[in-house]
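Asks: I'd like to go over a predicted model; first the sequence, then the structure.
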Amino acid sequence: MLDIIDWLAGDECHDLDDAGLVAALGHRLREADLPVDRLVLHLRTLHPEIRGRTIAWSPGELVQIHDREHGIERAVSYVNSPLRCVMETHKPIALRVDDGSDPAWTHTDVFEGRGLVGFFIVPLRNADGQSSAACFATARTGGFTAIEHTALQRIVPALRNACELRTLSRIERTLLDTYVGSLTARRVLEGHIRRGEVETLEAALMLCDLRGFTELSNRLPSDRVLQLLDAYFDCVVPAINDAGGEVIKFMGDAVLAFFHREDASAACAAALQGSVSALEGLRRLAISDAKLRAGVALHYGTVSYGNIGYGHRLDFTLIGPDVNLVSRLQAVCSMTGYPLLMSERFAAFLDPGRVTTLGQHELKGFKQPAELYTLVKEALGPRRDIKPGPAALPA
């Protein structure tokens, strides 16, 4: 057991992923003459969609990994299980089920049909007080002995530390991905966190804005408005992600995203794909008390990407004249009713047969009028009947 403890604290274990850790630990326990026929780690995490992860190993089988969504804590198999008791009381439980009993928790995906008799479930309590758990199970008649319980208990502190390091690392990446996006998260983890540390890059910019949000807010209860916003973002954000874009900012009911590629044409094609998918998703959305429609502005330009803010309160963002330009394009988009508008520079990177000009439009804050384009025969949503031509934004 001391050798296993040393291994759990060593570099070899540190370099393994979750599946590798469970498999290697299971093999080592068997080599130490412990009759472990099933080893399961239940690791709590901090994630907007996932409550925890279950990693299960048995000799001669592939490791199973199940991500458990929020709500599983209300399932009968969990509510009445010793696992819940261990995680809440932080005390180990040893039990046997060879007395003819057939508890519901033994019919879960990691235990069902395995003929397991003895279970030893121990808490893996993190420094923040949150508890995960490890379950050692055997099919041997009579279950584990008291000496085997003691031996397994010896490795728990080292196992807890190994699991906590992985859990904290996963939470760190999850929270950064959730709140700043995957590309920005990588930059933060690489150490680019000083104020004023920015880089210049060329990218396709996309600004998607929900139409009629003020009317919705005034007409419907606030909780319903939040539900509609979530439904709107459920259409827009996956479309951006699937096209390889990065959401850099939520601005109320607007989404600012960028698509960075070595090739400008590829960046613009990806941004257009994400935009069309988002608008089509909204058009297919069936909601009884609201009609969600959006306008998308697209531009290709140069931006400063990095940290701004004060002291230790910083924001990773995009700034520059081209960000301002796409914002002004969005204003024209809202005023004219077109669901999708693009700048002349953006349109130049697309197949000319796909776009058509809408003439020149005045943009607030810019001295020269801008030639704007949209898709040929675009049918991405309703708009008012207008004639392409000059338009000036209100002051």
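Replies: Received it, and whenever you're ready, just let me know what you need. Numbering: from 1, shown residues only.
Asks: show me the shaky parts of this protein.
Replies: 100, 377-395 (pLDDT under 70).
Asks: what's the biggest strand by length in it packed up against?
Replies: For the chain, the strand with the greatest residue count under DSSP state E is strand 294-310. Here strand 294-310 touches strand 198-210, helix 264-284, strand 313-319, helix 321-336, strand 340-343, helix 344-348, going by 3 or more C-beta pairs under 8 Å, 6 or more residues apart in numbering; DSSP states H and E. Where you see a C-beta, it was placed from the backbone N, CA and C, and this is true even at glycine.
Asks: after whichever helix or strand residue 77 is part of, next one along is what?
Replies: Here residue 77, judged by DSSP states H and E, is contained in helix 76-79. Note on helix 76-79: by DSSP H and E, the next helix or strand toward the C-terminus is helix 82-89.
Asks: and that next one, which residues are buried?
Replies: 82-84, 86-87 (16 or more other C-beta atoms under 10 Å).
Asks: could I get the residues you listed as a markdown table with distance to residue 43?
Replies: Output for these, formatted as a markdown table (distance: C-beta to C-beta, whole Å):
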| residue | distance to residue 43 |
| --- | --- |
| 82 | 17 |
| 83 | 12 |
| 84 | 15 |
| 86 | 13 |
| 87 | 11 |
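Asks: for residue 247, what are its contacts?
Replies: Residue 247 makes contact with 181, 237, 240-241, 255-257, according to C-beta atoms under 8 Å, 6 or more residues apart in numbering.
Asks: which one among the buried residues of helix 82-89 gets closest to residue 249?
Replies: Of all the buried residues of helix 82-89, residue 249 sits closest to residue 87, with 37.2 Å by C-beta to C-beta.
Asks: now the residue nearest to that closest one when sequence neighbours are not counted: how far from residue 101?
Replies: Of all residues not flanking residue 87 in the chain, residue 131 sits nearest, at 4.6 Å (C-beta to C-beta, 6 or more residues apart in numbering). Using C-beta to C-beta, to the nearest Å, we find residue 131 at a distance of 26 Å from residue 101.
Asks: for residue 248, same thing?
Replies: 55 Å.
Asks: and the buried ones among the contacts of residue 247, selectable in PyMOL?
Replies: In PyMOL, this line selects whichever of the contacts of residue 247 come out buried by 16+ other C-beta under 10 Å:
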select buried, resi 181+237+240+255+256+257
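Asks: next one: residue 215 relative to residue 151, how far apart?
Replies: Relative to residue 151, and taking C-beta to C-beta, residue 215 is found at 67 Å.
Asks: comparing those two, which residue is more hemmed in?
Replies: Shown here are residue 215 and residue 151; by other C-beta atoms under 10 Å, residue 151 has more neighbours (17 against 10).
Asks: could you say which helix or strand holds that one?
Replies: helix 146-180.
Asks: higher neighbour count, residue 248 and residue 101?
Replies: Neighbour totals were compared for residue 248 and residue 101, and residue 248 leads with 23 against 9 (other C-beta under 10 Å).
Asks: sec struct for the more buried one, please.
Replies: Per DSSP: H, G, I helix; E, B strand; the rest coil, the local secondary structure of residue 248 is strand.
Asks: surely it meets residue 184?
Replies: Yes. Taking C-beta atoms under 8 Å as the definition, residue 248 is a contact partner of residue 184 at 7.0 Å.
Asks: okay, and the common contacts of these two?
Replies: Between them, residue 248 and residue 184 share the contacting residues residue 316, judged by C-beta under 8 Å, 6+ apart.
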